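Peer 1: Any chance you could fold what I've pasted below:
(one chain, ligands or ions: 2)
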Amino acid sequence: MKKLEMLYEGKAKKVYKTENEKQYIVEYKDDATAFNGEKKGAIIDKGVVNNTMSSIIFQLLEDKGIPTHMIKLLSDRESLVKAVKILPLEVIIRNVAAGSMSKRLGVEEGTILKETVLEFSYKNDELGDPIINDYYIFALELGTKEQVNTVKDYAFRINDILKDFFIQKGLKLIDFKLEFGLYDGQVILADEISPDTCRLWDVKTNRKMDKDRFRRDLGSVEETYQEVLNRVKQ
Ligand code: TMP
Ligand code: ASP
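Peer 2: Ligands and ions are numbered 1, 2, ... in the order given. You can find the predicted model right below:
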């Protein structure tokens, strides 16, 4: 499958058309940004880690009955995916307080939440992906009731599958972000699942094993991405 015209370049990936109008090629870059693009840098071979890890996790989710955009891995930085129309929503699941939740609500990082939190934000870089809820989604027609119900059901099921998966790799799944798209009118999981989009803490030491090492200048960024990939592959 050949890459044709580039459709879109995001902060971490490029998306290309292919000869098949129902399939795109995603190419993962090493570029890294944080705080809505304010902090910029690169993480060597992040593109390889995120592409490989996403393909492994999407396969696991497909095996467990969650439809995803993944068709197949094409190379170390490229995957062939279904051409979806992305819903303009970021879906965040939180098991443990961290990041923006800790900051916004004054809850100490590491506090185990009594109930899993599902949070929506409006996917809009200019506005800094503001937090919204179901009422805003329906009022602004960002998704239908049926689509939102499906998204919530998949997001909680994905959380159960991934918590189990990562614990076997010695990693606690603190929180993560998902994006969904429409394909033949159906909601399917899209985007990526990687150390860029998940918070993962080592189960024994609580060491941060994700993009927070870059966001917060914690050091050993590349080594940590490789370590996560190695554990996921085992
Ligand atoms: P937050 O605590 O900064 O809101 O992040 C929650 C989770 O979402 C965390 O696992 C990182 C992920 N995330 C993204 O994938 N993309 C983003 O742009 C942001 C802000 C967070
Ligand atoms: N990817 C996001 C950005 O640049 C933020 C993040 O992952 O922290 O803006």
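
Peer 1: ok, now how distant is T205 from ligand 1?
Peer 2: According to CB to the nearest ligand atom, to the nearest Å, T205 and ligand 1 sit 19 Å apart. In this view, the C-beta of every residue, glycine as well, is placed from N, C-alpha and C.

Peer 1: correction: L173
Peer 2: Distance from L173 to ligand 1, by CB to the nearest ligand atom: 9 Å.

Peer 1: Now that residue: which helix or strand?
Peer 2: Assessed by DSSP states H and E, L173 sits inside strand 171-183.

Peer 1: Go through that strand and flag the buried ones.
Peer 2: Under the neighbour-count criterion of 16 or more other CB atoms under 10 Å, strand 171-183 has 171-181, 183 buried.

Peer 1: can you tell me which residues contact A12?
Peer 2: Residues near A12 by CB atoms under 8 Å, 6 or more residues apart in numbering: 28-29, 31-33, 46-47, 50, 192, 196.

Peer 1: Please apply the same query to L61.
Peer 2: Contacts of L61 by CB under 8 Å, 6+ apart are 68, 158, 161, 189.

Peer 1: For the second one, grab the count of nearby residues.
Peer 2: I take that to be I158. 22 (other CB atoms under 10 Å).

Peer 1: Give me the buried positions along the helix or strand where it lies.
Peer 2: Here I158, judged by DSSP H and E, is contained in helix 145-168. Residues 147-148, 150-151, 154-155, 158-159, 161-162, 165-166 are the ones in helix 145-168 that count as buried (16+ other CB under 10 Å).

Peer 1: Check stretch 88-107 too.
Peer 2: Result for stretch 88-107 [16+ other CB under 10 Å]: buried residues 89-98, 101-102.

Peer 1: Repeat that for stretch 184-196.
Peer 2: Here stretch 184-196 shows 187-196 as buried, counting by 16+ other CB under 10 Å.

Peer 1: mind putting these in CSV, distance to ligand 1 included?
Peer 2: Formatted as CSV, the buried residues of stretch 184-196 follow (distance: CB to the nearest ligand atom, whole Å):
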residue, distance to ligand 1
V187, 19
I188, 18
L189, 14
A190, 13
D191, 8
E192, 9
I193, 9
S194, 9
P195, 9
D196, 6
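
Peer 1: farthest-separated two in these?
Peer 2: With CB to CB as the measure, no two of those lie farther apart than V187 and P195, at 25.1 Å.

Peer 1: that older thread, just want the angle from the helix holding I158 to strand 171-183.
Peer 2: Using axes from the mean of the first three to the mean of the last three CA atoms, to 10 degrees, the inter-axis angle of helix 145-168 relative to strand 171-183 is 150 degrees.

Peer 1: Alpha carbons of helix 145-168, in PDB - could you do that?
Peer 2: The C-alpha coordinates for helix 145-168 follow below in PDB (Å, rounded to 0.1, in the frame of the first residue of the first chain):
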ATOM      1  CA  LYS A 145     -26.900  10.200  22.200                       C
ATOM      2  CA  GLU A 146     -26.300   6.800  20.700                       C
ATOM      3  CA  GLN A 147     -22.700   7.600  19.800                       C
ATOM      4  CA  VAL A 148     -22.000   9.000  23.300                       C
ATOM      5  CA  ASN A 149     -23.500   5.900  24.900                       C
ATOM      6  CA  THR A 150     -21.300   3.700  22.700                       C
ATOM      7  CA  VAL A 151     -18.200   5.800  23.400                       C
ATOM      8  CA  LYS A 152     -18.800   5.500  27.200                       C
ATOM      9  CA  ASP A 153     -19.400   1.800  27.000                       C
ATOM     10  CA  TYR A 154     -16.300   1.200  25.000                       C
ATOM     11  CA  ALA A 155     -14.200   3.500  27.200                       C
ATOM     12  CA  PHE A 156     -15.100   1.700  30.400                       C
ATOM     13  CA  ARG A 157     -14.600  -1.700  28.800                       C
ATOM     14  CA  ILE A 158     -11.200  -0.600  27.400                       C
ATOM     15  CA  ASN A 159     -10.200   0.500  30.900                       C
ATOM     16  CA  ASP A 160     -11.000  -2.900  32.300                       C
ATOM     17  CA  ILE A 161      -9.000  -4.700  29.600                       C
ATOM     18  CA  LEU A 162      -6.000  -2.300  29.800                       C
ATOM     19  CA  LYS A 163      -5.800  -2.200  33.600                       C
ATOM     20  CA  ASP A 164      -5.500  -6.000  33.500                       C
ATOM     21  CA  PHE A 165      -3.000  -6.000  30.600                       C
ATOM     22  CA  PHE A 166      -0.700  -3.300  32.100                       C
ATOM     23  CA  ILE A 167      -0.700  -4.800  35.600                       C
ATOM     24  CA  GLN A 168       0.700  -8.000  34.100                       C
END
